[in-house]
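[1] The sequence and its predicted three-dimensional model are supplied below.
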2 protein chains.
Amino acid sequence: MQDVPSLVAAAREGRPRAVARLISLVEGASPQLREVMAALAPLAGNAYVVGLTGSPGVGKSTSTSALVSAYRRQGKRVGVLAVDPSSPFSGGALLGDRVRMSDHASDPGVYIRSMATRGHLGGLAWAAPQAVRVLDAAGCDVVLVETVGVGQSEVEIASQADTSVVLLAPGMGDGIQAAKAGILEIGDVYVVNKADRDGADATARELNHMLGLGESRGPGDWRPPIVKTVAARGEGIDEVVEALEKHRAWMEERGELAARRLARASREVETIAVTALRERIADLHGDRRLGALAERIVSGDLDPYRAADSLVEALAES
Amino acid sequence: MQDVPSLVAAAREGRPRAVARLISLVEGASPQLREVMAALAPLAGNAYVVGLTGSPGVGKSTSTSALVSAYRRQGKRVGVLAVDPSSPFSGGALLGDRVRMSDHASDPGVYIRSMATRGHLGGLAWAAPQAVRVLDAAGCDVVLVETVGVGQSEVEIASQADTSVVLLAPGMGDGIQAAKAGILEIGDVYVVNKADRDGADATARELNHMLGLGESRGPGDWRPPIVKTVAARGEGIDEVVEALEKHRAWMEERGELAARRLARASREVETIAVTALRERIADLHGDRRLGALAERIVSGDLDPYRAADSLVEALAES
C-alpha cells in the first residue's frame, strides 16, 4: 500500500484511484485515518458543497448527473457523494440507479462515490463530512452530496452542505405532506423535476404556498427559488446552476458561507468527540460493566440515570 | 405542584393527570427528572411494550385505536405513546389524526400521549423510553408505542419494544420498495391494513416473498406472521392480538424477552450517558473552546480529529 503523503499527492494530481483509496481510509476508520485527516486539513476548504435531497422517485440521480454535466461544461472538477441512510441494518446501499452516473465514469474530472450508513445512528453524520473533505482536498471545485429521502439523517447531511437543494416531483402529494415540516427548513433551492408531467405547476404552487407560510423574511433575506426541470432531457439544469451561484453569492456577501462552515466544523468535531466517547463506553461494555448495570435496571434495583452517572464516572477514570 | 412521591402514588391509583404530569417531568428533562426515575425504577417492568411503525397513510392511528379497544375488552390497562420523528426542526408533532384516539379519551383505563422529537437527533431515543417507563410503572399492562415512517429513528424506537409491528397498506408499492431494507429486519408481526382494497393480497404476497429472502431460520426460530386487517371496521384485530400473544409466549419460552429488555436497558443507559457527555461538550461550547477549534479547522490549521482529541481531554478535566 502507498503511504499517505504519496496518496495525497496522487489525489491532488487528479488520480481517481488515489482519491478512492483515501475515501476508503477515512470511511473505514482505518489506522491511517488520523494521518489522512491531518494531511488533508491544509488542502481543504475550496470546494463548494451542494446537498441534494428528495424522496425516492423524484429523479435525484438523473438530476445529479445533469448537474455534473453542467459543471463539467464550465471546466470544473466535480465530486459526487451518494449517501443512502435508508438501510440501517444491512450496511449495503440501495444504489441500483447509480448506473445512471455511468455517463461520467470515464471522465477524469469527476469522482463518484457511494456510501451507506454503516448501520448505526450517527454513522453517516460521522463518515460523510470526512469523505467530502477528501474530495475537497483532492481539488474538486464542486462536491454534490446526494441523499435519499428527507428524514433526520438527511437533514443532518443537508446541514453539512453550503447550499441545500430539495427535489420534488409532481404527483407525490402525500410525500410533500409527510415531509413538509422537514423540507421547508432545509431547502436553499427547490427543484420540481419531471416538470413535463401533469401536476408540475400544482406542485410548484403548493410548495410556493408552503414556503410563504414559513417565517417572515426581511428585505435582504434569502427567498428560496423554485426551479422546474426535466433532468432526463437536461431542461432547466442551467437555471438550477444559476440559482446555486446566486445563493453562493448571497452567502458570501452576508458572511453566511463562513458562518455555515464554522457551524459545520463545530458539529464535525462534536460528532467525532461523541463517537470517541461512545467507543469508550463500548469498551466498558466489553468489560461487563454496562451489562451489570442493565441487569440492575431490569430488576428495578437501579434507575437508568444513576446507572448513566456511574458509567460517566467510569469513563472519567478510564 | 405535588411532590414526586405523591404524584407516583396517584399515578399508581390510576389518576390520568398524575400520569400526564410525570411524563411531562421526564420528557422535559426537569430538575425532578432524576427523582422521578428513581421512584419509578422498582415499579416498572410489568408492561408488555408493543411498537407500531408504518408509512403515513397505512392507518396506524386507526389500528392503534382498534388494538386499544381489543385490549380493553380483555380488561387490560393500556398506555399509548404516539411519537413523531418526521419533524426535526419545529418541535411540533403532526398529529392531526390523533383525534381518532378520542374514542378512548374518557376511558380511565387508557392513557394517551403524543411526543415530538424535540429537534435533535437522538432526542426521541432519549425521551421515549422514559415515557414508556412512566406508563409501565403507572400500572399499564400493555404500552403501544406508535411511530411515523420507517427510518433510523423509528428503527431505534422499534428496538425498544418487546414486540414490533410493521403496518403496510395496499397500493403503496413504492414505499415498500424504499423501506424494505429496514422493515424486513424490525417486524415481529406484519399487518396489511385496508385489506378490503385492491392489491391487499399482492402486498401480502410481496411481503411474504421479501421475508422469505431474508436470513434462513432454524426450526425453533420465529417466523413473522402477516395479518390482514380492516382496522376502521375492527376486522382482523383479534388476529393481531393473537399474533402478539404468540410472539410474547415464544420470547418468554426462549429467554428472548429477558434478553431484549436487557439490551434495551443497556442502550438506554448508554444514550443517557452520551447525552450527558454531549451536554458537557455544549457547556464547553459556551466556553468558546469549540468555536475556537472550529475556526482553526476552517482555516486548515487543525484537522477535526486532533480537535476532537482536545475536546475529549477538556471533558476529562472538567
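    Received, thanks.

[2] what about the strands in the stretch 51-200 of chain A?
    Using DSSP state E, counting those that start in this stretch, the strands of the stretch 51-200 of chain A run over residues A:78-84, A:110-116, A:142-147, A:163-168, A:189-192.

[3] which residues touch the closest residue to A:G234 other than its chain neighbours?
    Computed as C-beta to C-beta, 6 or more residues apart in numbering or on different chains, the closest residue to A:G234 that is not its neighbour in sequence is A:A66, at 5.3 Å. (Glycine included, C-beta is placed from N, CA and C.) Taking C-beta atoms under 8 Å, 6 or more residues apart in numbering or on different chains, we find A:A66 in contact with A:229, A:231, A:234, A:237.

[4] Just the ones in helices from those, please.
    Among the contacts of A:A66, DSSP state H puts A:I237 in helices.

[5] which one of the contacts of A:A66 is nearest chain B?
    Among the contacts of A:A66, A:A231 lies closest to chain B (C-beta to the nearest C-beta), at 18.7 Å.

[6] For the closest one, list the residues it contacts.
    A:59, A:62-63, A:65-66, A:193-194, A:237.

[7] Show the average pLDDT along whichever strand or helix holds A:A265.
    Assigned by DSSP states H and E, A:A265 belongs to helix A:256-286. On average, the pLDDT along helix A:256-286 is 81.

[8] can you pull the contacts of A:A11?
    Listed by C-beta under 8 Å, 6+ apart, the contact set of A:A11 reads A:18-19, A:22, A:134, A:137-139.

[9] Farthest pair within those?
    Farthest apart among the contacts of A:A11 by C-beta to C-beta are A:L22 and A:G139. That separation is 12.2 Å.

[10] And these two? Which one has more around it.
    Using other C-beta atoms under 10 Å in any protein chain shown as the criterion, A:L22 and A:G139 rank with A:L22 on top: 27 against 18.

[11] residues in contact with the closest residue to that one other than its chain neighbours?
    Spatially, and ignoring its direct neighbours in sequence, A:L22 is nearest to A:V134 (4.7 Å; C-beta to C-beta, 6+ apart). By C-beta under 8 Å, 6+ apart, the residues touching A:V134 are A:11, A:19, A:22-23, A:26, A:36, A:40.

[12] Just these: which are in helices?
    Reading helices off the contacts of A:V134 with DSSP H, I get A:11, A:19, A:22-23, A:26, A:36, A:40.

[13] of all those, which comes closest to A:L257?
    A:L40 (20.0 Å).

[14] Please report the confidence value the model assigns to the closest one.
    At A:L40, the model reports a pLDDT of 92.

[15] Surely it is in contact with A:L7?
    No. With contacts counted by C-beta atoms under 8 Å, A:L40 stays clear of A:L7, the gap being 10.3 Å.

[16] what's the overlap in contacts for those two?
    A:L22.

[17] Nearest to chain B among the contacts of A:V134?
    Closest to chain B, out of all of those and judged by C-beta to the nearest C-beta, is A:L40, at 6.9 Å.

[18] which ones are touching the closest one?
    Going by C-beta under 8 Å, 6+ apart, A:L40 touches A:8, A:22, A:133-134, A:136-137, B:303.

[19] which regions of the stretch 51-200 of chain A lie under the pLDDT threshold?
    The model of the stretch 51-200 of chain A has pLDDT under 70 over residues A:84-102, A:116-126, A:148-158, A:172-184.

[20] Run through the residues that contact A:L257.
    By C-beta under 8 Å, 6+ apart, A:L257 lies in contact with A:162, A:248, A:251.

[21] Which of those residues sits closest to chain B?
    Ranked by distance to chain B (C-beta to the nearest C-beta), those are led by A:D162 at 12.2 Å.

[22] The closest one - how many residues pack around it?
    Other residues close to A:D162 by other C-beta under 10 Å number 22.

[23] pretty sure it contacts A:A263?
    No. Between A:D162 and A:A263 there is no contact under C-beta under 8 Å: 11.3 Å.

[24] just to revisit the earlier point, by neighbours, which of the contacts of A:L40 wins?
    So for the contacts of A:L40 (other C-beta under 10 Å), the most neighbours sit at A:V134, 32 neighbours.

[25] what about A:A276, how many neighbours?
    A:A276 has 16 neighbours, counted by other C-beta under 10 Å.

[26] correct me, but it touches B:L315?
    No. With contacts counted by C-beta under 8 Å, A:A276 stays clear of B:L315, the gap being 9.9 Å.

[27] Let me know the secondary structure of A:E239.
    helix (DSSP: H, G, I helix; E, B strand; the rest coil).

[28] same thing with A:E295?
    Going by three-state DSSP: A:E295 is helix.

[29] was I right about it contacting B:L262?
    Yes. Counting by C-beta under 8 Å, A:E295 does reach B:L262; the two are 6.5 Å apart.

[30] Which parts of the stretch 101-250 of chain A are helices?
    In the stretch 101-250 of chain A, the helices defined using DSSP state H, counting those that start in this stretch lie at A:123-137, A:152-158, A:173-186, A:200-212, A:237-254.

[31] picking up where we left off before, of the contacts of A:A11, just say which sits nearest to B:D107.
    Nearest member of the contacts of A:A11 to B:D107, counting by C-beta to C-beta, is A:V134, at 57.8 Å.

[32] Please identify which of the contacts of A:A11 is nearest to chain B.
    Checking these against chain B by C-beta to the nearest C-beta gives A:A137 as the nearest, at 9.4 Å.

[33] Domain-wise, how is chain A divided?
    The record's domain parsing of chain A by automatic domain parsing lists A:44-254, A:270-317.

[34] who wins for proximity to B:G51 among the ones you listed?
    Using C-beta to C-beta, the nearest of the domains of chain A to B:G51 is domain A:44-254, at 14.8 Å.

[35] next one: that closest one to chain centre, how far?
    Taking C-alpha atoms, centre = their mean, to the nearest Å, one finds the center of domain A:44-254 at 9 Å from the center of the full chain.

[36] First-to-last residue distance for that domain?
    22 Å (C-alpha to C-alpha, to the nearest Å).

[37] try stretch A:296-315
    19 Å.
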